[in-house]
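In: below is the structure, and that's it, no one-letter string:
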């Protein structure tokens, strides 16, 4: 009987491996379609891009003021603080706004 158990064990091991390979080879679910992806925050409630940018500037200014107060910047540290704030502001090269596509035109 010993010779019969060995081929059965080998067959069961082979079947188990085939099932494991099949399970691991399954493809992942498809990426969400563009309809499932939420729109950017400035397009959710019909807010135009200029209003959104203005709101973001206000939030950034408020955040900078709060940081200034929390850090208790002294008069001696003020020039370094201003240099730091200027270096962290996002900058666009001149004419970069003209190079950006108009989203309303792209929607057409």
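Out: Right, received. Where do you want to start? A quick note: this is a predicted structure, and the numbers were derived from the prediction, not measured.

In: where do the helices sit along the chain?
Out: Using DSSP state H, the helices of the chain run over 2-24, 41-44, 49-71, 78-88, 96-99, 103-107.

In: the fourth one: which residues count as buried?
Out: By that I understand helix 78-88. Burial within helix 78-88, assessed by neighbour count using 16 or more other C-beta atoms under 10 Å, is assigned to no residue. Placement of C-beta: from N, CA and C, glycine included.

In: which residues does that helix contact?
Out: Counting contacts by C-beta atoms under 8 Å, 6 or more residues apart in numbering, the residues outside helix 78-88 that touch it are 64, 68, 73.

In: can you rerun that using 10 Å?
Out: When contacts are taken as C-beta atoms under 10 Å, 6 or more residues apart in numbering, the neighbours of helix 78-88 outside the stretch itself are 60-61, 64, 67-68, 71, 73-74, 77.

In: quick one, that helix and helix 49-71 angle?
Out: Taking axes from the mean of the first three to the mean of the last three C-alpha atoms, to 10 degrees, helix 78-88 and helix 49-71 form an angle of 150 degrees between their directions.

In: the helices of the chain: lowest mean pLDDT?
Out: When the helices of the chain are compared on mean pLDDT, helix 41-44 scores lowest, with a mean of 58.

In: list the buried residues for stretch 64-81?
Out: Using 16+ other C-beta under 10 Å as the test for burial, stretch 64-81 gives no buried residues.

In: mind putting the contacts of helix 78-88 into JSON lines with distance to residue 83?
Out: Rendered in JSON lines, the data for the contacts of helix 78-88 read as follows (distance: C-beta to C-beta, whole Å):
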{"residue": "60", "distance to residue 83": "17"}
{"residue": "61", "distance to residue 83": "17"}
{"residue": "64", "distance to residue 83": "13"}
{"residue": "67", "distance to residue 83": "15"}
{"residue": "68", "distance to residue 83": "14"}
{"residue": "71", "distance to residue 83": "14"}
{"residue": "73", "distance to residue 83": "12"}
{"residue": "74", "distance to residue 83": "15"}
{"residue": "77", "distance to residue 83": "10"}
